[in-house]
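*Asks:* no sequence for this one, just the structure:
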């Protein structure tokens, strides 16, 4: 029996994911699981051993990948310095006086960090979640889920994300036009996360029931909001510095990638945190900079991106796009292919780059341009759901590492909310279809 390219690609994907699920079930380390998946993908796709050194060398010399590793290392270092210097705990303690709703505090920190498109940025808010949950009845699994979910509520509709910029570019649309139809996805993601992860949370912190500072019941430096916010200075330096250095490089050094601006802002933030925490550090800078956890995460980054590159070289996603016309094929193209791309890569910019050319090509070939708005929404939502479930998603990996939780257990607890998020996004797409809107 002769397989079509799409059928052969589907079978390959089934085998690859069966291997990944099996190895994770037996608690094989993720980097070793991905190495095995890379090997199987290469064998199934005819990528023979003589090509492997070139693929590996290409990754290890890729400027964008090296900048990503630098950014992750600096974020780990910054979170380590803030934790060892007690800065994260002081920030949370100070804000607890003003943010009385404990659930709102938990969601706010990762959501704020999520406004900036930093790969692995969930690591930035991990110490904040840990400190904020100090007086709450939360296990490590729930902390992991809250941090991971609310870090990613913006991705399907936030113009600063490279993947969203890529969608805008591929469609030939302005960001404001695209955002007009996608911004409700943020509220859908936020509402889904609140429904699944915030129920039953309570705080036994006396500060939640104490009078507000400035009400006359308490005074002094500890009650000052400015004093509390001073502990957020490294975060502010990261955010503002990224914008400042980004503009500076766009004007004077346009050939330098945008990640360099984030790296500079993170370096400045680490220096700021070290200055603020001088004399308060419980660990040395060297032990924070070269910890075993740091090495483990960097090795996982190599495994994740190597798998992404081999998937790209294999042509599996391209072969999945070799489909005909019809309702089922339309669903496969606009929902299944982005979902699989997100699941395989764990990156928005990757699932957009792999699947949206296939989606837009199909829409044009089938003459469905008048339905482009709902089809793009379905593709964005399904791809986002795929990356949220991806064991290759850097944020998921580093958050599980930080809280020492089992990735497979977290993955199972994500299935239901991600399914609801997909159905909610599909409902929004159907509403756009019924309205007959077009770009």
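*Replies:* Looks like it arrived, so ask away. No experiment lies behind these values; they were computed from the predicted model shown.
*Asks:* distance from the longest helix that the chain contains to the middle of the chain?
*Replies:* Determined from DSSP state H, the single longest helix within the chain is helix 407-435. Offset of helix 407-435 from its chain centre (Cα atoms, centre = their mean, to the nearest Å): 16 Å.
*Asks:* what's the answer for stretch 157-175, then?
*Replies:* Centroid separation for stretch 157-175 versus its chain: 17 Å, with Cα atoms, centre = their mean.
*Asks:* quick one: low-confidence parts of the stretch 101-250 of the chain?
*Replies:* Within the stretch 101-250 of the chain, the segments meeting pLDDT under 70 span 116-120, 160, 202-224.
*Asks:* can you give me the helices in the stretch 51-200 of the chain?
*Replies:* 52-60, 63-84, 87-96, 102-114, 122-132, 140-151, 162-171, 175-182, 184-197 (DSSP state H, counting those that start in this stretch).
*Asks:* list the buried residues for the shortest one?
*Replies:* Of the residues in helix 175-182, those buried under the neighbour-count criterion (16 or more other Cβ atoms under 10 Å) are 178-179, 181-182. Using the backbone N, CA and C atoms, a C-beta is placed for each residue, glycine as well.
*Asks:* angle of it against helix 184-197?
*Replies:* Calculated by axes from the mean of the first three to the mean of the last three Cα atoms, to 10 degrees, helix 175-182 forms an angle of 40 degrees with helix 184-197.
*Asks:* name the helices or strands packed onto helix 175-182?
*Replies:* helix 162-171, helix 372-389 (3 or more Cβ pairs under 8 Å, 6 or more residues apart in numbering; DSSP states H and E).
*Asks:* tell me the angle the shortest one makes with helix 372-389.
*Replies:* Between the direction of helix 162-171 and that of helix 372-389, the angle (the same axes, to 10 degrees) works out to 150 degrees.
*Asks:* which residue is nearest the middle of the chain?
*Replies:* In the chain, the residue lying closest to the centroid (Cα atoms, centre = their mean) is residue 395, at 5.0 Å.
*Asks:* got CSV for the helices and strands packed on helix 175-182, with distance to residue 330 and mean neighbour count too?
*Replies:* Compiled in CSV, the helices and strands packed on helix 175-182 are given as follows (distance: least, Cβ to Cβ, whole Å; neighbours: other Cβ atoms under 10 Å):
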stretch, distance to residue 330, mean neighbour count
helix 162-171, 18, 18
helix 372-389, 8, 25
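*Asks:* any stretches of the stretch 301-439 of the chain with poor pLDDT?
*Replies:* Applying pLDDT under 70 to the stretch 301-439 of the chain flags residues 317-318, 320-328, 365.
*Asks:* try it again with 90
*Replies:* The model of the stretch 301-439 of the chain has pLDDT under 90 over residues 301-338, 340-371, 391-394, 397-398, 401-402, 407-408, 436-439.
*Asks:* picking that back up, include distance to residue 414 when you put the helices and strands packed on helix 175-182 into TSV, please.
*Replies:* Listed next are the helices and strands packed on helix 175-182 as TSV, based on distance: least, Cβ to Cβ, whole Å:
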stretch	distance to residue 414
helix 162-171	20
helix 372-389	6
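*Asks:* between these, which one is closest to residue 9.
*Replies:* helix 372-389 (15.7 Å; Cβ to Cβ).
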